[in-house]
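*Asks:* fold the stuff below for me.
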Amino acid sequence: MRSILSRALSVLFLPVFLGAALPAAAATAATPVWRKTEDITIYSDPRFHTAFPSAVKRPDGELIVAFRRAPDRRRVGETKVWHADPNSQPVLVRSRDDGKTWSQPEVVYAHPFGGSQDPCMLQLRDGTLLLTSYAWAWMSPETIGKLKQPTSVNLGKFVFLGGYIVRSTNGGKSWEPPVLPPVIPTEAALDIFGEKVPAYNRGALAEGKSGRIFWVGASNRQMSPHRWDTHLLTSDDKGTSWNYSGVIASDEKVSFNETSIYETPRGDLVAFLRTAGLDDHLAIARSTDGGKSFAKWQKIGFKGHPFHALRLPDDRVLLVYGYRHQPYGIRARILNAECTDAETAAEIVLRTDGGNFDLGYPWSVLLNDRRVLVTYYFNRADGARTIEGTILEAN
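*Replies:* Residues are numbered from 1 along each chain as shown. A predicted model of the protein is given here:
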């Protein structure tokens, strides 16, 4: 993915490994040193493939972690686990003791036509919760062949349905009926009813200082070969309705998806883009006019995906990401307040003990001014996928 700085790769950046801290030169009285203190398990059940968490802390201190849960069909004879399943659902668990113990899962929403993926939560300043997701419909190959084309098909038997958003005004105890976002103008894929699929994405939304909500949607602009672009969607009524704003990143050779957006103290919007066709490097696109336009995306010189940005108490930004290369695990960097030093910020290695590449998708939440919980999904030796976390503390 592309970088906000165009610097020569003549400087060698040394990672900060498990349990270590940022380099001593970076530590001053004004810049706390963040250290890993422990790993925790949030949810584990060998019957299920659990993945793609997001997390919020409620005003009363309760933690909520939402994630995708589907049967681990290896338990009934399948040879692999899949990221599409007719029974996948967004569920959530709660903790009232800063992650020491967690409740049993609660189902957020059961899609009437397919299995749902990647629940991404945003908590608004008034306490309203938004949760975005998207769905795949299982169909026989023969039936898929009869559908109006083009459709986006996964594993030869799942047809993409596009995204949706649900809202809760009572802390996730109940959820309003789903809102369908608009269709991105360049979207090519049709759903099972022959309609263009509504906008979708895996990644964090942001509530701006004005109250406007910013969300990055992906568009399957070209079906063969696939080419994905990213676009900005906005809401001025707490997620009840959405408007299309414009293109964030598009390229003839590189695809962009699974993007988180972040508003800096200065008011810039920074999009952290997952890429395909760029050797798994981060790309960043920036808007300095409130999202009216974005500058040309920039490749950043490190690998990982996807990304989540969390503002720390001193306004620096904790950027976390999965590392799906050996050694498999979870990594992070701490950026300055305006996210202009992503390419030079030291890398922090949180986990290196993953069983294979099917892990990651981290999402962070502040526990208090000195502690952060980084959530993600994980596996060891290709075993059951679990929702786990790492605690970071500031010294």
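*Asks:* show me where pLDDT drops low in the chain?
*Replies:* Applying pLDDT under 70 to the chain flags residues 1-30.
*Asks:* centroid-nearest residue for it?
*Replies:* residue 203 (3.3 Å; C-alpha atoms, centre = their mean).
*Asks:* you'd agree that one is up against residue 256?
*Replies:* No. Contact criterion C-beta atoms under 8 Å: residue 203 and residue 256 do not qualify, at 10.7 Å. Yep, even glycine has a C-beta here, placed from its N, CA and C like the rest.
*Asks:* look up which helix or strand the closest residue to residue 361 other than its chain neighbours falls in, please.
*Replies:* Take residue 361 and drop its neighbours on the chain: the residue closest to it by C-beta to C-beta, 6 or more residues apart in numbering is residue 52, 4.9 Å away. Assigned by DSSP states H and E, residue 52 falls within strand 48-57.
*Asks:* parallel or antiparallel, which strands does that strand pair with?
*Replies:* Paired with strand 48-57 in the same sheet, following DSSP bridges, are strand 63-71 (antiparallel).
*Asks:* gap between the partner strand and the chain center?
*Replies:* In terms of C-alpha atoms, centre = their mean, to the nearest Å, the centre of strand 63-71 is set 13 Å apart from its chain centre.
*Asks:* stretch 132-149 too?
*Replies:* Using C-alpha atoms, centre = their mean, the offset of stretch 132-149 from its chain centre is 24 Å.
*Asks:* likewise stretch 268-286?
*Replies:* With C-alpha atoms, centre = their mean, you get 13 Å for stretch 268-286.
*Asks:* can you pull the contacts of the residue nearest to residue 361?
*Replies:* With C-beta atoms under 8 Å, 6 or more residues apart in numbering as the criterion, the residues that contact residue 52 are 67-68, 117-119, 202, 361, 377.
*Asks:* with neighbour count, distance to residue 277 and secondary structure added, can I get these in CSV?
*Replies:* Putting the contacts of residue 52 into CSV (neighbours: other C-beta atoms under 10 Å; distance: C-beta to C-beta, whole Å; DSSP: H, G, I helix; E, B strand; the rest coil) gives the following:
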residue, neighbour count, distance to residue 277, secondary structure
67, 30, 28, strand
68, 27, 26, strand
117, 24, 22, strand
118, 25, 21, strand
119, 25, 27, strand
202, 25, 18, coil
361, 26, 20, strand
377, 25, 25, strand
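*Asks:* columns distance to residue 56 on top of these, output as a markdown table?
*Replies:* Listed next are those as a markdown table, based on distance: C-beta to C-beta, whole Å:
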| residue | distance to residue 56 |
| --- | --- |
| 67 | 13 |
| 68 | 16 |
| 117 | 19 |
| 118 | 15 |
| 119 | 11 |
| 202 | 16 |
| 361 | 16 |
| 377 | 17 |
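*Asks:* skipping adjacent residues, who's closest to residue 236 in space?
*Replies:* Once flanking residues are discounted, residue 236 sits nearest to residue 212: 5.5 Å by C-beta to C-beta, 6+ apart.
*Asks:* surely the one you found and residue 233 touch.
*Replies:* No. Residue 212 is beyond contact range of residue 233, at 10.8 Å (criterion: C-beta under 8 Å).
*Asks:* neighbour-wise, which of those two wins?
*Replies:* Looking at residue 212 and residue 233 with other C-beta atoms under 10 Å, you find the greater number of neighbours at residue 233, namely 23 against 17.
*Asks:* now do the buried residues in whichever strand or helix holds the more buried one.
*Replies:* According to DSSP H and E, residue 233 maps onto strand 226-235. Buried residues in strand 226-235, defined by neighbour count with 16 or more other C-beta atoms under 10 Å: 227-235.
*Asks:* now for these, which pair is the farthest apart?
*Replies:* Greatest spatial distance among those (C-beta to C-beta): 227 and 235, at 26.7 Å.
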